[in-house]
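In: Okay, structure incoming, though there's no sequence with it:
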């Protein structure tokens, strides 16, 4: 139970820092945050692929790897084309710290306990990123193409959130 | 030349003759995590082709479980609709992608 609170606190902390970041993030920072969110979700999925034996969880994790790799490849192509260098920032750092803490916590689990915790965190993680995308990143993006990619990213992440919610119902 | 006219006449007669039975193909694109037609209309016997233009895999899955088409990025897939009715369908990987397929009965044969 305490662990759950710690995880919830970490997610809330990351969300709060996304919302409270001042001054407003620049395009190089926005690109870095969106890219980092994808990288973190791929790392979480790879942990699930290594640990889980549940076919629904495995299929979901494999889809996360493919989808986030595809969208991050697009993001890299775009920043190259725009000549923008993604810039590390406090939001990316706090997202990364929260994800690392979660990974360490999940590493202690196995079987259905792992599956449940992984999928619950996928729901929470995608919710955090979606709220950041819609309330901070998309409104502050200056470049039209970057904004467009973030909007696609939002639809993708919203889809993943719903899919994760569905997978959660399949774990016994 | 006469041969060509005859061929044309033959094709025309065949096509006229086959009008009542001819099934149509309805194309629906998947672009930017959305189906291009929120509602598509078809008749029993028609072929529905989904063309996935996204860089992500998608499915077109009927909510009632009647059919499911899996589409890797850049690929297309189809079903022939066999029942009339209104079918809600969605992408299993991105359940926020939803659309509807309304299937009417076959056209009644025309009088010749």
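Out: Happy to help now that I have it. The structure displayed is predicted, hence computed values, not measured ones. Numbers count the residues shown, from 1 in each chain, chains lettered A, B, ... in the order given.
In: rest of the way, CA atoms for contacts and neighbours
Out: Will do.
In: can you give me the helices in the chain?
Out: I'll assume chain A. Using DSSP state H, the helices of chain A run over A:2-20, A:27-51, A:55-82, A:90-106, A:111-132, A:138-140, A:144-170.
In: Correction: the question concerned chain B.
Out: Counting by DSSP H, one finds helices in chain B at the ranges B:2-18.
In: so which of the helices of chain A comes closest to chain B?
Out: Closest approach to chain B among the helices of chain A is made by helix A:144-170 (4.0 Å; Cα to the nearest Cα).
In: how close does residue A:108 sit to residue A:153?
Out: 31 Å (Cα to Cα, to the nearest Å).
In: Pick out whichever of these two has more residues nearby.
Out: residue A:153 (24 against 9; other Cα atoms under 10 Å in any protein chain shown).
In: nearest residue to the residue in chain B positioned nearest to chain A other than its sequence neighbours?
Out: At 4.0 Å from chain A, residue B:94 is the closest residue in chain B, using Cα to the nearest Cα. Spatial nearest neighbour of residue B:94, chain neighbours left out: residue A:159 (4.0 Å); criterion: Cα to Cα, 6 or more residues apart in numbering or on different chains.
In: pretty sure that neighbour is in contact with residue B:98, am I right?
Out: No - judged on Cα atoms under 8 Å, residue A:159 makes no contact with residue B:98 at a distance of 10.7 Å.
In: Near chain A, which residues of chain B are found?
Out: When proximity is defined as Cα under 8 Å from any Cα of the partner chain, chain B approaches chain A at B:32, B:33, B:55, B:56, B:57, B:92, B:93, B:94, B:95, B:96, B:97.
In: Name the nearest residue to residue A:155, ignoring sequence neighbours.
Out: residue B:33 is the one closest to residue A:155 (Cα to Cα, 6+ apart), at 6.6 Å.
In: What pLDDT is listed against the one you found?
Out: Residue B:33 carries a pLDDT value of 97.
In: What is the burial count for it?
Out: Residue B:33, neighbours per other Cα under 10 Å, totals 25.
In: quick one: it and residue B:54 touch, right?
Out: Yes - the pair residue B:33 / residue B:54 is scored as a contact, 7.2 Å apart, by Cα under 8 Å.
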